[in-house]
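Q: coordinates only, sequence not included:
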């Protein structure tokens, strides 16, 4: 019987709950869940008891469990604080809080750390996708890439934007316009997917982004446009809830061990 890969989870919220449940439902038979680390110790302890793994009090305890893969669904700050330790400790890393990689110095550091340790950093697609065609087109020629994010006005009203947004807007309203690098600096927890899209194509400094509040809209809608010399494409992705992000981690973990990779 093949030895299972050890999986650790950084973050104990609803997204990593999806990953743990997928494992228990047999969707990740090559893995065993060995550890969880969360900011809220009680919540992490409850998570560990539900999913029969060890609750770690700090990153050092988690690394002592010698995970082969660590799936992060915590925060940009957690990625900045723990990524090097996780990779140097011998674990591959699956990231959802990709906004941390908009900082080129940090990006280069993590890339070099992974190369030295002979490990990989996997970028989960979160609430977007189409990274294959974006990367392919960007290899073929220079590309112009833009992204539109449509939001429920109630959600937009809670975002720390420079201008206050009313939850009662009557018409579609642009509440942010800039680059994805500027977006992640202003909204570090809300535009990780934009940074992932930018990293797969024109880069965070050269990928434009707009966020619009749309009356009556619920969920998340992303429209990505790529215009290159050889390839032009438009991608539209709607998700009713954020669960798609957790499931994208499950897909990454499946691909990481599959003989056939999508």
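A: On my side now, so go ahead. Only a predicted model underlies this, so the values are computations on that prediction, with no experimental measurement involved. Numbers count the residues shown, from 1 in each chain.
Q: And the strands in this structure, which stretches?
A: In the chain, the segments counted as strands under DSSP state E are 5-10, 31-37, 54-56, 69-72, 92-95, 121-123, 143-151, 173-179, 207-213, 220-228, 232-239.
Q: Out of these, which is closest to residue 157?
A: With CB to CB, the closest approach to residue 157 among the strands of the chain belongs to strand 207-213: 7.7 Å. C-beta here means a position set from N, CA and C on the backbone, and glycine is covered the same way.
Q: gap between the closest residue to residue 211 other than its chain neighbours and residue 214?
A: Distance criterion CB to CB, 6 or more residues apart in numbering; nearest residue to residue 211, sequence neighbours excluded, is residue 176 at 4.0 Å. Per CB to CB, to the nearest Å, residue 176 is found 13 Å from residue 214.
Q: So between these two, which is more surrounded?
A: residue 176 (23 against 16; other CB atoms under 10 Å).
Q: my read: that one touches residue 190, true?
A: No - using CB atoms under 8 Å, residue 176 is not in contact with residue 190; the gap is 9.9 Å.
Q: Contact partners for residue 254?
A: 27, 28 (CB atoms under 8 Å, 6 or more residues apart in numbering).
Q: typo on my end, residue 89
A: Residues in contact with residue 89 (CB under 8 Å, 6+ apart) are 63, 66.
Q: Now do it against residue 143, distance only.
A: In terms of CB to CB, residue 89 sits 37 Å off from residue 143.
Q: Please, where are all the helices along the stretch 1-150 of the chain?
A: Counting by DSSP state H, counting those that start in this stretch, one finds helices in the stretch 1-150 of the chain at the ranges 14-24, 41-51, 59-64, 76-88, 104-117, 131-140.
Q: Show me the one of the ones you listed that comes nearest residue 239.
A: Closest among the helices of the stretch 1-150 of the chain, using CB to CB: helix 14-24, at 12.6 Å.
Q: now the closest one and helix 41-51, what's the angle there?
A: Helix 14-24 runs at 20 degrees relative to helix 41-51, counting by axes from the mean of the first three to the mean of the last three CA atoms, to 10 degrees.
Q: Can you tell me what sits against helix 14-24?
A: Helix 14-24 is contacted from outside by 7, 9-10, 28, 31-33, 36, 47, 50-51, 71, 73, 96, 242-243, 245-247, 249-250, 253, using CB under 8 Å, 6+ apart.
Q: Quick check on those residues: which are buried?
A: Burial by neighbour count, judged by 16 or more other CB atoms under 10 Å, picks out 7, 9-10, 28, 31-33, 36, 47, 51, 71, 73, 96, 245-247, 249-250, 253 from those.
Q: Now the residue nearest the centre of the chain. Its backbone dihedrals?
A: For the chain, the residue nearest the mean C-alpha position is residue 96 (2.1 Å; CA atoms, centre = their mean). With angles defined as degrees, to the nearest 10, residue 96 sits at phi -110, psi -30.
Q: so what's the residue nearest to residue 178 when sequence neighbours are not counted up against?
A: Nearest non-adjacent residue to residue 178, counting by CB to CB, 6+ apart: residue 209, 6.4 Å away. With contact set as CB under 8 Å, 6+ apart, residue 209 has these partners: 146, 147, 148, 149, 176, 177, 178, 179, 180, 183, 191, 194.
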